[in-house]
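Peer 1: model this:
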Amino acid sequence: MALSMSPAEADAAIQAMSSQINRYAELLVTKGAAVRPGQELVVQAPVECADFARRVVRAAYAARAGHVTVIWHDDVMTRLEYENVGLPYFEHTPSWKKEQLNSLAEKGASFLFLEGSDPAALQGIDPAKPAAASRSRNAECKQFRDGMDFGRNVWCIAGVPVESWAAKVFPDAPRREALYRLWVAILQVARADNDDPQAAWETHNATFEKNKRILNEGAFDALRYESTNGTSFTVGLNKGHIWEGGSSRTVGGTVFFPNIPTEEVFTSPDRLRADGVVHSVMPLVHQGQIIDDFWLRFEGGKVVEYDAREGLDVLRQIIETDEHSCRLGECALISKNTPIRETGLLFYDTLYDENASCHLALGMGFPECIEGGYDMSPAELEKSGINRSHTHVDFMIGADDLNVWGVAANGTETPIFINGQWAWEDEYSGNTW
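Peer 2: Residues are numbered from 1 along each chain as shown. Coordinates of the predicted model:
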């Protein structure tokens, strides 16, 4: 049995990775947020990660950013607010916050969201409060939300470790050692544990092309999912749907990575066609609360029945966020043969866990996932089958034995996933692609 690190040894080990951590910060600025000379960069960061936020700011100015705005958040302060302030306060976004986010988006800012928090930070808090805050922000900060949803603003979500999160991922390690180990894992799965992460991401981006090509050429009418845990589900696909993955591109042509890490290819399904049952395979951490061992049953595209061993009230708040949050906005396919899955870790963070497992998302769909979507109005997108909602919540359904078939309009089925991996990864599938 390996000896535990002392706090001093763990801190020294983190310090020894300083150059790698700097390269990670540079990766997030140049590839993730794709900062251009003279542009505003907005960084949202946990106060515990001030050191890393400073590295990001230095990298941004080195990339000739015009200005960097940092918006701090803190788990303890957030919990205190929810404990002591009544629900009506959260049903509207303060005017100063609307002005801040909307004005930054209107001026063409790039947004970098650094995720790092206690997965159970809001355990026991009335889930209606964070749900109301999220709903009001998405509804009232319209320029901010539309800027990201309709390809006008660059945005990137990436992880940075904090002690409480690390302790959840590595519960048997002392807290400082757990922090070190989480840093190692984050750098590894973000392909930032080498001398040239930016080149590694160019290579990684190219690997998405085959999967997207096969799925887009297939032009399937639906996907059918089956696994032995009880998932038995069919979801319709829209006419003219597009599979995306890897890098994204703004309407102005800027190439960026919305998620670092990312392993998925995804599309937005037909909001009115989803039938059957899906079972979760990983806990879902949503707004500081955990939902675990849950299932959803769909009819006609809508969740009509559901249950959870843990976090049922939180799951209910997601499904009832608004009129359309009970419908799907995304289906994503990820092979089990990916760096995140192969770590064997449960990260308790959707950014990481969703990239280890095929997943679905309740709520808002993606305009870029339908032909001409960026030029459509919200009403036109909805008519084309793209769901419209004030939320978007991913949940993982990718069991190791998951099989997925693409269903043509005439009912013919083509295997896409066999036992949790792409059919074309399976040497025994007999298919040629």
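
Peer 1: Buried residues in stretch 293-310, which are they?
Peer 2: Residues of stretch 293-310 classed as buried: 294-298, 301-303, 306, 308 (neighbour count, 16 or more other Cβ atoms under 10 Å). From N, CA and C alone the C-beta is placed, and that goes for glycine too.

Peer 1: how does this structure divide up, domain by domain?
Peer 2: Listed domain ranges for the chain are 7-200, 207-246+258-425 (source: automatic domain parsing).

Peer 1: Nearest to Gly252 among those would be which one?
Peer 2: Nearest to Gly252 among those is domain 7-200; the distance by Cβ to Cβ comes to 7.7 Å.

Peer 1: now that closest one: how far from the chain's centre is it?
Peer 2: From the chain centre to the centre of domain 7-200 is a distance of 13 Å (Cα atoms, centre = their mean, to the nearest Å).

Peer 1: Ok, stretch 187-205 next?
Peer 2: Centroid separation for stretch 187-205 versus its chain: 19 Å, with Cα atoms, centre = their mean.

Peer 1: Show the average pLDDT along stretch 213-229.
Peer 2: Averaged across stretch 213-229, pLDDT comes to 97.

Peer 1: contact partners of it?
Peer 2: Contacts of stretch 213-229 with the rest of the structure, by Cβ atoms under 8 Å, 6 or more residues apart in numbering, involve 231-237, 242-243, 265, 267, 269, 273, 276, 278-279, 281, 331, 333, 358, 397, 399, 401-409, 413-414, 416, 424, 433.

Peer 1: Which of the buried residues of stretch 293-310 sits closest to Glu26?
Peer 2: Phe294 (38.8 Å).

Peer 1: Sticking with the closest one, tell me its helix or strand.
Peer 2: Using DSSP states H and E, Phe294 maps to strand 289-299.

Peer 1: mind listing what's buried in stretch 46-63?
Peer 2: Under the neighbour-count criterion of 16+ other Cβ under 10 Å, stretch 46-63 has 46, 48-49, 52-53, 55-57, 59-60, 63 buried.

Peer 1: can you pull out the strands in the stretch 251-400 of the chain?
Peer 2: Remark: strands assigned in the stretch 251-400 of the chain by DSSP state E, counting those that start in this stretch are 255-256, 259-260, 265-267, 269-279, 284-286, 289-299, 302-310, 328-333, 359-363, 392-396.

Peer 1: list the helices and strands the fifth one packs on?
Peer 2: In other words, strand 284-286. On a contact count with 3 or more Cβ pairs under 8 Å, 6 or more residues apart in numbering; DSSP states H and E, strand 284-286 meets strand 289-299, helix 350-353, strand 392-396.

Peer 1: could you redo the ones you listed as CSV and give each row mean pLDDT and distance to His92?
Peer 2: Formatted as CSV, those follow (pLDDT from 0 to 100; distance: least, Cβ to Cβ, whole Å):
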stretch, mean pLDDT, distance to His92
strand 289-299, 97, 22
helix 350-353, 94, 26
strand 392-396, 97, 21
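
Peer 1: Any chance of a markdown table for the ones you listed, columns distance to Tyr89?
Peer 2: Below are these laid out as a markdown table (distance: least, Cβ to Cβ, whole Å):
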| stretch | distance to Tyr89 |
| --- | --- |
| strand 289-299 | 19 |
| helix 350-353 | 26 |
| strand 392-396 | 23 |
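
Peer 1: mind checking how far Ser134 is from Gln287?
Peer 2: 7 Å (Cβ to Cβ, to the nearest Å).

Peer 1: quick one: which of the helices and strands packed on strand 284-286 is nearest Tyr180?
Peer 2: Of all the helices and strands packed on strand 284-286, helix 350-353 sits nearest to Tyr180, with 17.2 Å by Cβ to Cβ.

Peer 1: Pull the distance from that closest one to the chain's centre.
Peer 2: On Cα atoms, centre = their mean, the centre of helix 350-353 falls 6 Å from the chain's centre.

Peer 1: what's in contact with it?
Peer 2: By Cβ under 8 Å, 6+ apart, the residues outside helix 350-353 that reach it are 115, 157-159, 189, 259, 261, 282-286, 340, 345-347, 394, 396.

Peer 1: Adding distance to Gly252, write the domains of the chain out as JSON lines.
Peer 2: Below are the domains of the chain laid out as JSON lines (distance: least, Cβ to Cβ, whole Å):
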{"stretch": "domain 7-200", "distance to Gly252": "8"}
{"stretch": "domain 207-246+258-425", "distance to Gly252": "11"}
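
Peer 1: What separation do you get for Gly411 and Arg224?
Peer 2: 11 Å.

Peer 1: Looking at those two, which is more packed in?
Peer 2: When Gly411 and Arg224 are compared for neighbours, Arg224 comes out ahead with 17 against 8, by other Cβ atoms under 10 Å.

Peer 1: Need the three-state assignment for that one.
Peer 2: For Arg224, the assignment made with DSSP: H, G, I helix; E, B strand; the rest coil gives strand.

Peer 1: Just grab the bridge partners of it for me.
Peer 2: Judged by DSSP bridges, the bridge partners of Arg224 are Thr234, Trp405.

Peer 1: repeat for His279
Peer 2: Under DSSP bridges, the beta-bridge partners of His279 are Trp295.

Peer 1: what ranges do the strands span in the stretch 1-150 of the chain?
Peer 2: Using DSSP E, counting those that start in this stretch, strands in the stretch 1-150 of the chain cover 40-46, 67-73, 110-115.
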